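Asker: Kindly return the folded structure for what I paste below:
(chains A and B)
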Amino acid sequence: MDYTKEELIEAYMQMRIIRAFEEELHREAEENNSFGFAHLYAGAEACAVGVCMHLEPTMRDIVASTHRAHGHFIAKGGDLNAIAHEIFGRADGSGGGKGGTMHVADWNVGMLGANSIIGASAPHALGAAFTAKYKRTGGVAVAFGGDGASNQGAVFESMNFAKAYALPVVFILEDNGYAESTYKSYTTAGSPCERAAGFGIPAVSVDGADFFAVASAAKDAIARARNGDGPSLIHCDVPLFFAHFEGDQETYRASGEVSKLRSDRDCLALFRAQVIGTGNIDTAELDRLDSTATQQAAKAIATAKSAPQPPPQALFTNVYASY
Amino acid sequence: MSIITMRAALNDALRLAMRNDSDVFLLGEDIAGGANAPGEDDAWGGVFQVTKGLVGEFGRERVVDTPISETAFLGLAIGAANTGLRPVVEIMFVDFFGVCFDQVLNNAAKFRYMYGAHAKTPITIRTTYGVGGLAAAQHSQTLYSIFAHIPGIKVVAPSNPYDAKGLLLEAIGDDDPVIFFEHKAMYDDTGEVPSGAYTIPFGEAAIKRDGGDATIVAFGRMVGFAETAAEQLASDGIHCTVVDPRTISPLDESTILNCVRQTGRLVVVDEGHPRCGMASDVAAIVAEKAFADLKAPVRMVTAPHTPVPFASNLEAEYIPSVADIVAAVRSIVD
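Answerer: A predicted model of the protein is given here:
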């Protein structure tokens, strides 16, 4: 295995925290949805963590995210309390409670922002990559997007620009099959890797539930970008464990579809099966991490729920730096 | 101080900003021109030659010609601004925002509010507007009021070379997204401009002329038209105050209101359309805040509620004229 025990423990813990956080949010939503249009990330944890483990948690390496951003935020090293507070619209949230679940950001760690306009953040990754090249920082920008975003012009324009100008960008296409309720076979021509090939961008398709497959592909793509060899695309086939958004009744899903995904394609179970028996990590150790992660997520959410909302005058702040 | 064109004043501002700060770079379609083409390099220097010669001094790393992909390069400029640079991006014609408006409306305008006070987007977007040169309906619009409607964006429309240079330098140094409107029929206008760097603060109107009978508030190219109209009216004994707000967002409401309180009459002149535009905006502000001071109804002189036509006679008819302004003032002065 190419990773140290510490790296593996860290990766598992991050995936588990994302999962625990999303499970806890889902419970909250079922009881009393008080956080708007939440798009839960659960199922794709291996993707966020397998990519972000190769990035510096600073503004040198940027992640430009999507409406389904909680996983990217946590994997990039964003503060768990700050995201929990933001999701509940609290004053101490990452955006002071004025962004919400679809707009979490943490510029201390290079999480440029969730963005709820599909495909809109891909050009921002271009911009961060442009800065890295302009200032010769060695930085890399990652543009996360879904299979829905892959049909946006903003994404194609960004792929063309990134390749033509040899910018250090990695496009991660998290393909859960659904653009909202519509399945990809109805809307989408060709394949992600063929599309990338059209731009001359190296592309690979991996099982997005397999941490090691994602991490290996991301390591290569990010190294290419850092070496000045331009953009890459990684197509990750990921299961979606919850609905498109919380509150959606998932009437477009087949009966038993989600339970089968959970039993067959759970990145955490797969990770356990892959590492246990290598002699490096044992079950009890991972069980302890599970328990710690669950406690941390529950605590962050419970704290956020009882924290104060922004003061009324916050309505008018941060519109401009000066006006 | 020397007499130069609007084009030269803008070029000067860009050159000074780039010399002063290596984080400033230019991005847009054909802003140098001729890249990888068999003919000349710097072939265009922008479609109106505003950026001519800059690639020679600063190189193609800092004067970046782009594909015709406004969403990609406007979004790139936003991402670059977020990560420490100060992009000056050119959208060749304001009409072209039709293909990249999302990057302004939902992105540049919103980041600070959604992400928190640490989120800065110091981007300047230069664009051209207005009727000029038979450019017809998709290259002639006056759309600044659409942007002024959006919180988080600043909007600038200079009326002369001196203001253009000072306001552009102010825009580039500003930490918020600024859209800078250049009228395509004004690039050859001349005026006195100092050779060094200077800035003009946003939100401070210029009073171009003082007169007690009526206030004329005009925007961009219409400021010159209003001054000519005021000159003609003065020879008939009607004296007008002419106000050039210079920036549309922020808007110097207090200067406008003070002038209206002194004259009691208002004509607003705008090359934009009459509905939901700057003329109706200023009229509404005055109606709300200075109604008691008005001695006559507010008059608006605007382009009509039509697209911009091509045929030269129709195009000329479309543009608000000096005669229209004179007639509007006469209609409310006893």
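Asker: Is residue A:10 within a helix or a strand, and which one?
Answerer: Per DSSP states H and E: residue A:10 is located in helix A:5-32.
Asker: Can you tell me how far the residue sitting nearest the centre point of chain A is from residue B:61?
Answerer: When chain A is reduced to its mean C-alpha position, the closest residue under C-alpha atoms, centre = their mean turns out to be residue A:72, at 3.0 Å. Per C-beta to C-beta, to the nearest Å, residue A:72 is found 30 Å from residue B:61. For every residue, glycine as well, the C-beta is placed using N, CA and C.
Asker: Likewise for residue A:40?
Answerer: From residue A:40 to residue B:61 the distance is 42 Å (C-beta to C-beta).
Asker: Output the contacting helices and strands for the helix holding residue A:10.
Answerer: Helices and strands touching helix A:5-32, as assessed by 3 or more C-beta pairs under 8 Å, 6 or more residues apart in numbering or on different chains; DSSP states H and E, comprise helix A:45-52, helix A:70-75, helix A:80-87, helix A:211-226, helix A:267-275, helix A:283-305.
Asker: Just grab the bridge partners of the nearest residue to residue B:274 once chain neighbours are set aside for me.
Answerer: Counting by C-beta to C-beta, 6 or more residues apart in numbering or on different chains, residue B:302 is the residue found nearest to residue B:274 once chain neighbours are left out, at 4.4 Å. Beta-bridge partners of residue B:302, counted by DSSP bridges, are residue B:270.
Asker: wait, isn't residue B:302 in contact with residue B:267?
Answerer: No: contact status for residue B:302 versus residue B:267: not in contact, 10.8 Å apart, counting by C-beta atoms under 8 Å.
Asker: So the two - more neighbours on which side?
Answerer: Set side by side, residue B:302 and residue B:267 show more neighbours around residue B:267, with 31 against 21, by other C-beta atoms under 10 Å in any protein chain shown.
Asker: The one helix or strand the more buried one maps to: how far from the chain's middle?
Answerer: Secondary structure from DSSP H and E places residue B:267 in strand B:266-270. Centre-to-centre, strand B:266-270 and its host chain are 16 Å apart (C-alpha atoms, centre = their mean, to the nearest Å).
Asker: Mind listing residues that contact that strand?
Answerer: The contact list for strand B:266-270, computed with C-beta atoms under 8 Å, 6 or more residues apart in numbering or on different chains, reads B:142, B:145, B:214-219, B:222, B:225-226, B:260, B:277-279, B:282-283, B:286, B:294, B:298-303, B:320, B:325, B:328-329, B:332.
Asker: Just the ones of those residues in strands?
Answerer: Residues from the contacts of strand B:266-270 lying in strands, with DSSP state E as the criterion: B:214-218, B:299-302.
Asker: Show me the shaky parts of the chain.
Answerer: Looking at chain A here, since you left the chain open. Chain A contains residues with pLDDT under 70 at A:1, A:33.
Asker: Would you mind naming what in the stretch 101-250 of chain B lies close to chain A?
Answerer: B:102-103, B:106-107, B:110-120, B:151-152, B:154, B:174-176, B:203, B:250 (C-beta under 8 Å from any C-beta of the partner chain).
Asker: Restrict these to the buried ones and give me that as a ChimeraX selection.
Answerer: Remark: buried members of those, expressed as a ChimeraX selection using 16 or more other C-beta atoms under 10 Å in any protein chain shown:
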select /B:102,103,106,107,110,111,112,113,114,115,116,119,120,152,154,174,176,203,250
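Asker: tell me the SS of residue A:228?
Answerer: Following DSSP: H, G, I helix; E, B strand; the rest coil, the label given to residue A:228 is coil.
Asker: I'd like to know how many residues surround it.
Answerer: What residue A:228 shows, counting by other C-beta under 10 Å, is a neighbour count of 12.
Asker: which one of the helices and strands packed on helix A:5-32 is the most hemmed in?
Answerer: helix A:45-52 (a mean of 30; mean count of other C-beta atoms under 10 Å in any protein chain shown).
Asker: Just give the number of residues close to residue B:249.
Answerer: Per other C-beta under 10 Å, the neighbour tally for residue B:249 reads 25.
Asker: doesn't residue B:146 make contact with it?
Answerer: No: between residue B:249 and residue B:146 there is no contact under C-beta under 8 Å: 11.0 Å.
Asker: List the contacts of the residue nearest to the spatial centre of chain B.
Answerer: By C-alpha atoms, centre = their mean, the mean C-alpha position of chain B lies nearest to residue B:157, the distance being 2.1 Å. Applying C-beta under 8 Å, 6+ apart, we find residue B:157 in contact with B:129, B:144, B:181, B:183, B:219-220, B:246-248.
Asker: So what does residue A:178 have for phi and psi?
Answerer: Dihedral pair for residue A:178: phi -110, psi 130, per degrees, to the nearest 10.
Asker: What is the neighbour count of it?
Answerer: The burial count for residue A:178: 18, using other C-beta under 10 Å.
Asker: which residues make contact with stretch B:187-196 from outside it?
Answerer: Stretch B:187-196 has contacts (C-beta under 8 Å, 6+ apart) with B:1-9, B:12, B:16, B:48-50, B:160-162, B:165, B:224.
Asker: Put together TSV for the contacts of residue B:157, with distance to residue A:53, pLDDT and neighbour count on each row.
Answerer: Shown next, in TSV, are the contacts of residue B:157 (distance: C-beta to C-beta, whole Å; pLDDT from 0 to 100; neighbours: other C-beta atoms under 10 Å in any protein chain shown):
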residue	distance to residue A:53	pLDDT	neighbour count
B:129	48	98	24
B:144	46	98	27
B:181	46	98	23
B:183	52	98	24
B:219	53	98	28
B:220	52	98	28
B:246	51	98	26
B:247	47	98	26
B:248	47	98	24
